[in-house]
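Asks: need coordinates for the below:
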Amino acid sequence: MSHRNLTKDPIESRKNAYEKLESEGAAQEAIFEAFAELASQGISLGDKMTSVLATGQAIKTSRPKGV
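Replies: Residues are numbered from 1 along each chain as shown. Next comes the predicted model:
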């Protein structure tokens, strides 16, 4: 009887895990939360990121969850 060791390719496994993270939106949500926290501490993020954060906040405000 042979002893086979079946394992997943770690590169493929990581790729699938990262794709799942992106499809769930968790990565982007974490990035936006980090930038918002930096901005709240008075750190300049530049005009473009400040505009993106303001737009995101406006969208959240205009479309509340659970309503």
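Asks: tell me the centre residue of this protein?
Replies: Among the residues of the chain, Ala27 comes closest to the average C-alpha position under Cα atoms, centre = their mean, at 1.6 Å.
Asks: which residues does Lys8 contact?
Replies: The contact partners of Lys8, taken as Cβ atoms under 8 Å, 6 or more residues apart in numbering, number zero. Every C-beta, even on glycine, is put in place using the N, C-alpha and C of the backbone.
Asks: phi first, then psi, for it.
Replies: The phi/psi pair for Lys8 (degrees, to the nearest 10) reads phi -80, psi 150.
Asks: and what of Ile31?
Replies: Dihedral angles (degrees, to the nearest 10) for Ile31: phi -60, psi -50.
Asks: now the residue nearest to the centre of the chain: which helix or strand?
Replies: In this assignment (DSSP states H and E), Ala27 forms part of helix 26-40.
Asks: could you do Glu19 as well?
Replies: Under the criterion of DSSP H and E, Glu19 resides in helix 10-24.
Asks: on that earlier part again, for the helix or strand following the helix holding Ala27, packing partners?
Replies: Toward the C-terminal end, the helix or strand that comes next after helix 26-40 (DSSP H and E) is helix 47-62. Helices and strands touching helix 47-62, by 3 or more Cβ pairs under 8 Å, 6 or more residues apart in numbering; DSSP states H and E, are helix 26-40.
Asks: what separates the helix it packs on from the chain centre, distance-wise?
Replies: Remark: helix 26-40 is offset 8 Å from the chain centroid, using Cα atoms, centre = their mean, to the nearest Å.
Asks: pLDDT on that helix, on average?
Replies: For helix 26-40, the mean per-residue pLDDT is 91.
Asks: buried set for it?
Replies: For helix 26-40, the neighbour count (16 or more other Cβ atoms under 10 Å) marks 32, 35 as buried.
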